[in-house]
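1. Quick one: sequence plus predicted model below, questions after.
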Amino acid sequence: MAPPPKLPADEEKHLEGLVAEFRRRNGAERKALLDECARKLLSMRRILPPTPVTEEYTLLVEFFYQKVRNWFNNRIQENKDKATRLPTRINRTWTGERVFEFLKNTDIREAVRDDEVLHPHQIVAWNLMRRSLWEDLEQDEREDYGTMALQWNISGPDVKLQPRT
C-alpha cells in the first residue's frame with residue numbers, strides 16, 4: 001500500500017502555525033479548530049462551499065477533518081525524537097510461561113511450522129501453540145519455570161542467554 005500523499009507546502013505551513021493552539025485546546029474547542037482548518041484547506045485548494053451546501057461538500061469537509069486531525073495527532077508530542085523518547089513500558093516481569101517461551105523458542109517455532117491449521121496471522125499461531133505446549137507440561141515443570149521466573153525478575157536471565165551488546 002502506498003503511503004498517503006503529503007500536504008502541499010502552503011497547507012503544511014498553515015497547520016504548523018496552529019500546532020500550539022491545537023495543544024492548548026481540548027474537547028469542543030479542538031473540534032471547532034479542526035473543522036475550521038479543514039474548511040481553510042478546502043478554500044486553499046479553491047473548493048468553496050456551494051450556496052446550498054451539498055452532500056459532496058459535506059463529505060469533503062469530513063475527509064479533510066480526518067486528514068487534519070491525523071496531521072495534528074502525529075505532531076502533538078513536542079519531543080519527536082524517537083531515539084530519546086522512552087517506551088511506554090520499560091520492563092515486563094517474567095512469568096513461568098514467558099520463561100518457557102524464551103527457552104523453548106525453537107521448539108515452538110518448529111511446532112508452529114508443522115501445525116496443520118493455517119492461521120492468517122503468524123502471531124495467532126505462535127500464541128496458540130505456545131499456550132498448548134505450556135498446558136501440556138506437568139505441574140512440577142510449570143513450577144520450575146515459575147521459580148526460574150522469580151529469579152529472573154531479581155537478577156535477570158542467565159548471562160549466556162542475555163543479548164550481547
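-> Now that the structure is in, tell me what you want to look at.
2. What distance do you get for Pro120 to Ile108?
-> 19 Å (C-beta to C-beta, to the nearest Å). The C-beta positions use only the backbone N, C-alpha and C, and glycine is treated the same way.
3. Looking at these two, which has the bigger crowd around it?
-> Between Pro120 and Ile108, counted using other C-beta atoms under 10 Å, Ile108 has the larger neighbour count: 20 against 6.
4. For the more buried one, give me phi and psi.
-> Reported as degrees, to the nearest 10, the phi and psi values for Ile108 are phi -70, psi -40.
5. surely it meets Glu97?
-> No. Counting by C-beta atoms under 8 Å, Ile108 does not reach Glu97; the two are 11.3 Å apart.
6. list residues touching both of the two?
-> Here Ile108 and Glu97 have Arg130 as joint contacts, going by C-beta atoms under 8 Å, 6 or more residues apart in numbering.
7. From the contact counts, what lies against the lowest-mean-pLDDT helix or strand in the chain?
-> Each helix and strand of the chain was given a mean pLDDT (mean pLDDT, DSSP states H and E); the minimum falls on helix 19-24 at a mean of 85. If contacts are counted by 3 or more C-beta pairs under 8 Å, 6 or more residues apart in numbering; DSSP states H and E, helix 19-24 sits against helix 28-44.
8. Just give me the neighbour total for the residue nearest to Arg75 when sequence neighbours are not counted.
-> Using C-beta to C-beta, 6 or more residues apart in numbering and skipping the chain neighbours, the partner closest in space to Arg75 is Val19 (5.8 Å). Val19: 14 surrounding residues under other C-beta under 10 Å.
9. again with Arg130
-> Around Arg130 there are 20 residues (other C-beta under 10 Å).
10. Val99 is in contact with that one, correct?
-> No. Using C-beta under 8 Å, Arg130 makes no contact with Val99, being 11.8 Å away.
11. would you put the C-alpha positions of stretch 63-78 in CSV?
-> Extracted C-alpha coordinates of stretch 63-78, given in CSV (Å, rounded to 0.1, in the frame of the first residue of the first chain):
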residue,chain,number,x,y,z
PHE,A,63,-12.5,13.8,4.8
PHE,A,64,-10.3,16.9,5.4
TYR,A,65,-11.3,17.0,9.1
GLN,A,66,-9.9,13.5,9.5
LYS,A,67,-6.8,14.4,7.5
VAL,A,68,-6.2,17.5,9.7
ARG,A,69,-6.9,15.6,12.9
ASN,A,70,-4.4,12.9,11.9
TRP,A,71,-1.8,15.5,10.9
PHE,A,72,-2.1,17.3,14.3
ASN,A,73,-2.2,14.0,16.3
ASN,A,74,1.1,12.9,14.6
ARG,A,75,2.7,16.2,15.8
ILE,A,76,1.1,16.5,19.2
GLN,A,77,4.2,15.5,21.2
GLU,A,78,6.9,18.1,21.4
